[in-house]
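# Whatever this is, show me its structure:
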Amino acid sequence: MAEKRKVLLLDGHSLAYRAFFALPPTLSTTGGQLTNAVYGFTSMLLKVLSEESPDAVVVAFDGPRSELRRTVEYPEYKAHRPTMPDELREQMGMIEQLLQKMAIPAVRETGYEADDLLGAMARRIADSGGEAVIVTGDKDTLQLVAPRVRVLMTTKGISETVSYDREAVLERYGVPPDRMPDIVGLKGDPSDNIPGVAGIGEKGAVSLIKEYGSLEGLYEHLEDIGGAKRKQSLTDCRDMAFLSRDLATIDTEAPVNIAMDAVRFGEWDRQQVIDYLCALEFKTLAARFLESFGGEVPEAAAGLAVAYTMVDTADAAAMESLARDALSQGRIGVASTLDGVGFCDVELRRLALATSDRVMVLDRDEAGSTGFSTAAELLASEAVGKSFHDAKCAMLAIGKLGMEVHGLDFDTAVAAYLENPSLGTYHLWDVWERNLGGAVEIEGVAQVTEEQPSLLDSDDASSELAAEAARVFHLTPALRDKLSSLGMETLFDELEMPLVSTLAQMETAGVALDAAVPRALGAEAGVELASLEREIFDLAGHEFKIGSTRQLSSVLFDELKLPTIKKTKTGYSTDSSVLEALREEHPIAGKIIEYREYSKLKSTYFDVLPELICPDTGRLHCSFNQTTTATGRISSSNPNLQNIPVRTEVGRRIREAFVAGGGGWRLLVADYSQIELRVLAHMSADSLLLEAFAADQDVHAETAEKIFGVPHGEVTPEMRRMAKVVNFGVVYGMGSYGLSSRLGISIEEATRYIDTYFATYAGVSEYRDLCIREAAERGYAETLLGRRRFIPELKSPHRQTRELGERLAINTPLQGTAADIIKKAMIEIAGAMSGGGVRSRMTLQIHDELIFEVAPDEEELMTRLVEERMSGAVPLAVPLKVDLGSYDNWGQAKG
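Residues are numbered from 1 along each chain as shown. Here you go, the predicted model:
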């Protein structure tokens with residue numbers, strides 16, 4: 001091997017796992033193939049290739065876990081670790097395909113883990129005078145650091161690494177690299193199920209190894225160890241300490257069947273790699289590869305390249321010309337740079353308006369200038385369609401400057417969400433890359449004069465904003481075509497786009513809040529938390545940090561010896577499901593659950609609500625989110641209204657803080673009654689459900705009669721409660737185990753309830769089967785109004801993933817249709833209110849509920865209007881029943 005030859009050694013399993021869990025599980029191709037692990041792995045690979053410029057690259061993978069030599073030596077080694085997720089396993093082959101196309105060898109050996117192979121290769125490279133750079137997320141590999149061996153440790157997501165040489169290891173851990181296994185011998189490693197010595201943590205282990213040099217040195221001086229408890233633990237666990245060190249020691253003698261001298265990086269067909277990246281729809285990664293290594297992006301994947309001229313906003317003639325272009329083209333793309341979030345805090349910093357090839361960018365300090373006047377006229381013109389990315393937030397900020405937006409035509413974020421509602425985030429750059437992906441060049445930055453100094457000249461932020469407006473302009477027809485091909489253009493135009501303005505109006509209106517209510521609740525919660533804390537400490541026998549998972553785990557499982565339920569990478573779990581399971585074992589579990597509930601309510605609502613009141617309006621302005629749920633439902637933030645407890649006393653008291661604005665105004669609360677079951681009756685055409693809703697019968701009581709076999713008049717409240725769980729749970733795919741857990745009954749009894757339910761409502765059973773069959777055939781589930789959700793899980797070869805897909809296939813049409821119905825009602829009510837000139841305002845939307853602040857002389861009018869529009873929003877085979885009431889505060893409606 002040549003002197004100075006640098007070889008990059010990658011831990012394939014470690015990097016794939018990190019990528020899989022760092023990137024959202026919604027990252028997939030348009031065909032539904034999940035690609036988050038492949039994307040993240042490829043991104044990390046390209047990054048280190050660019051930074052390190054290696055002469056050779058090798059990737060190591062683990063051998064089969066059951067055959068690892070460490071498992072043979074110690075069967076409990078990694079025994080607690082779950083198997084590789086099916087969704088990741090499906091992508092490992094794709095990662096290896098990429099490596100093949102890049103001519104990068106992938107090595108694995110039966111009985112050995114990837115870090116053993118990395119260690120063996122690194123030693124051979126260093127012994128031959130070369131340099132080895134190991135890329136991994138596994139801290140065990142730090143023991144391999146040597147004069148010609150360096151470790152690049154992934155630390156956060158897929159973009160950050162820390163380079164470790166000998167000095168860096170010493171600085172970080174206090175011991176040289178070759179003593180790292182000794183530390184694990186003492187402290188253990190819960191992630192690998194290596195026990196170590198009981199009672200010794202990382203700080204103690206480092207301290208002992210620094211003082212005595214090694215395990216051998218420590219045990220030679222055992223009598224010098226201070227603390228009887230620690231000395232006894234070291235004595236009792238001597239054999240386990242040495243075994244733990246052996247398990248943590250990387251085998252640098254592992255066999256690696258590869259001729260390292262023959263490995264050369266870059267001996268590949270570059271075009272094959274680019275074609276593969278484009279086939280996976282990794283346009284950004286293909287561009288990065290192209291920039292680093294050359295090649296050509298296929299024409300079909302090259303994207304749309306556009307060139308723009310940025311006009312001088314101080315030039316009246318240029319502004320008039322741009323305005324003429326906008327009028328003749330009939331639309332503009334709008335982008336904005338905002339400060340703050342939400343109605344109260346948001347402010348416009350910059351604004352960009354783009355036609356097909358020209359763009360202007362305005363700073364807020366230019367308000368009143370010729371450019372701003374032109375922008376205001378274009379934004380207000382109904383003759384010019386406006387396209388935004390996240391229009392609602394921009395409209396709130398623009399409105400604060402006294403400008404109005406009319407002719408809102410397109411929102412690229414909403415369109416991208418409608419196309420694929422499972423992605424979770426819809427950043428403009430990502431939407432552009434997925435759809436067009438070409439370069440946007442901005443030229444002709446505005447001139448600078450003494451009278452009109454430009455804030456835009458050589459300003460990268462302004463140029464980027466100009467490019468954003470251009471992307472919005474060109475994305476508009478592309479996304480409209482996609483929605484049309486998916487059959488969702490009407491849904492977009494008639495439901496989602498009008499909803500943008502409706503939500504903006506609601507956020508602007510805000511709601512009145514009685515701050516004294518949450519403050520009083522906060523004071524009470526403080527007293528309750530102090531009392532619970534004392535009780536928990538008494539039950540534990542000492543004080544500890546209740547919010548610390550590590551300390552709580554130690555109290556529950558080491559001291560109180562409660563049964564362990566679930567284990568994580570860092571130790572035993574103390575999550576809510578574990579504590580619920582421990583309720584019967586020890587009273588401390590129930591107290592901790594109470595403590596957590598009060599703590600969460602205090603930090604989320606009691607302490608926060610008064611701080612959310614806007615000083616300028618004296619009202620709370622909630623944010624409504626249109627692109628966050630895969631089902632189409634609206635969510636809220638600041639505060640999260642959906643998470644306020646529904647049927648508890650504390651939930652009712654939180655709702656009491658939401659009040660009418662005084663002066664005789666009232667809150668009108670309108671709630672759809674059992675809307676999802678009514679949608680189910682319509683879509684399944686089940687005769688019993690249709691009859692029950694047509695006759696306005698109590699469907700839950702009807703179900704209770706059937707599953708409990710009792711006459712109509714003998715259904716108890718408890719029977720009805722249980723039947724309600726059956727009605728909603730079983731329809732959405734809850735099985736016998738889940739139902740038994742929810743109702744506290746045996747699995748056998750739960751099975752009988754489910755069988756009775758489907759025997760009674762045969763139409764529902766047939767409808768469930770139809771939903772699954774159609775979704776599997778078409779690749780998506782669809783609501784009554786045409787909203788689609790693609791369900792790639794149905795194509796998975798793995799049973800658990802397919803079962804998830806089946807539940808989604810059933811849930812989506814019901815929950816999505818219910819979401820569409822309330823959106824339709826909101827739009828129609830908002831339109832009627834605007835056309836009727838009423839003073840009342842729509843203020844909140846939560847689940848299936850709408851809340852209005854009603855003027856004293858408009859209560860009868862609003863009650864009639866809301867009931868008519870909600871009950872008639874979408875025609876169904878059963879009545880859409882709406883429960884309405886007028887109250888002083890929201891809590892009274894749930895009393």
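# Help me confirm that Q642 comes into contact with H847.
Yes. When contacts are counted by Cβ atoms under 8 Å, Q642 is listed as touching H847 (6.5 Å). All C-beta spots, glycine's among them, are computed from the backbone N, C-alpha and C.
# What ranges does the stretch 351-500 of the chain have for its strands?
Assigned by DSSP state E, counting those that start in this stretch, the strands in the stretch 351-500 of the chain fall at 358-363, 385-388, 408-411, 440-443.
# Name every strand pairing with the last one and say which way it goes.
Sheet pairing here is set by DSSP bridges, and for strand 440-443 it gives strand 306-310 (parallel).
# Contacts for the partner strand, please.
354, 357-361, 438-446, 456, 462-463, 466-467, 470, 474 (Cβ atoms under 8 Å, 6 or more residues apart in numbering).
# I'd like the next helix or strand past it.
Of the helices and strands lying after strand 306-310 in sequence (DSSP states H and E), the nearest is helix 316-329.
# Please state the offset of the helix or strand just after that following helix from the chain centre?
Note on helix 316-329: by DSSP H and E, the next helix or strand toward the C-terminus is strand 331-339. Computed by Cα atoms, centre = their mean, to the nearest Å, the chain-centroid distance of strand 331-339 equals 26 Å.
# What are the buried residues along strand 331-339?
The neighbour-count criterion (16 or more other Cβ atoms under 10 Å) identifies R331, I332, G333, V334, A335, S336, T337, L338 as the buried residues of strand 331-339.
# same thing with stretch 861-874?
Buried residues in stretch 861-874, counted by 16+ other Cβ under 10 Å: M862, T863, L865, V866, E867, R869, M870, S871, A873, V874.
# follow-up on the earlier one: need the buried residues of strand 331-339 in JSON lines with distance to R69, can you?
Formatted as JSON lines, the buried residues of strand 331-339 follow (distance: Cβ to Cβ, whole Å):
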{"residue": "R331", "distance to R69": "66"}
{"residue": "I332", "distance to R69": "66"}
{"residue": "G333", "distance to R69": "61"}
{"residue": "V334", "distance to R69": "63"}
{"residue": "A335", "distance to R69": "58"}
{"residue": "S336", "distance to R69": "60"}
{"residue": "T337", "distance to R69": "58"}
{"residue": "L338", "distance to R69": "57"}
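# how about the helices of the stretch 451-600 of the chain, start to end?
Along the stretch 451-600 of the chain, counting by DSSP state H, counting those that start in this stretch, helices occupy 460-485, 489-491, 497-509, 516-540, 549-553, 576-582, 587-601.
# So which of the ones you listed is nearest V175?
helix 549-553 (22.6 Å; Cβ to Cβ).
# For that closest one, buried residues please.
Neighbour counts over helix 549-553 (16+ other Cβ under 10 Å) mark L552, S553 as buried.
# can I have it written out in CSV, keeping just the CAs?
Extracted in CSV, the C-alpha atoms of helix 549-553 (Å, rounded to 0.1, in the frame of the first residue of the first chain):
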residue,chain,number,x,y,z
THR,A,549,-35.7,9.2,33.8
ARG,A,550,-32.4,7.7,35.0
GLN,A,551,-33.1,8.6,38.7
LEU,A,552,-36.7,7.5,38.5
SER,A,553,-35.7,4.2,36.9
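# same for that helix, what does it pack against?
Secondary-structure packing of helix 549-553 (3 or more Cβ pairs under 8 Å, 6 or more residues apart in numbering; DSSP states H and E): strand 571-572.
# and if we set it to 10 Å?
Here helix 549-553 touches helix 516-540, strand 567-568, strand 571-572, going by 3 or more Cβ pairs under 10 Å, 6 or more residues apart in numbering; DSSP states H and E.
# Narrow the contacts of strand 306-310 to those that are buried.
Buried subset of those (neighbour count, 16+ other Cβ under 10 Å): 354, 358-361, 438, 440, 442, 445-446, 456, 462-463, 466-467, 470, 474.
# separation between the nearest residue to T249 once chain neighbours are set aside and E496?
Leaving out its chain neighbours, the residue that sits closest to T249 by Cβ to Cβ, 6 or more residues apart in numbering is P181, at 4.5 Å. P181 sits 58 Å away from E496, going by Cβ to Cβ, to the nearest Å.
# If you average pLDDT per helix and strand, which one of this structure comes out bottom?
Of all helical and strand segments in the chain, the minimum by mean pLDDT, DSSP states H and E falls on strand 567-568, at a mean of 68.
# From the centre of this structure, point out the most distant residue.
What lies farthest from the middle of the chain is E223; by Cα atoms, centre = their mean that is 53.4 Å.
# List the contacts of that residue.
Counting by Cβ atoms under 10 Å, 6 or more residues apart in numbering, E223 makes contact with K231.
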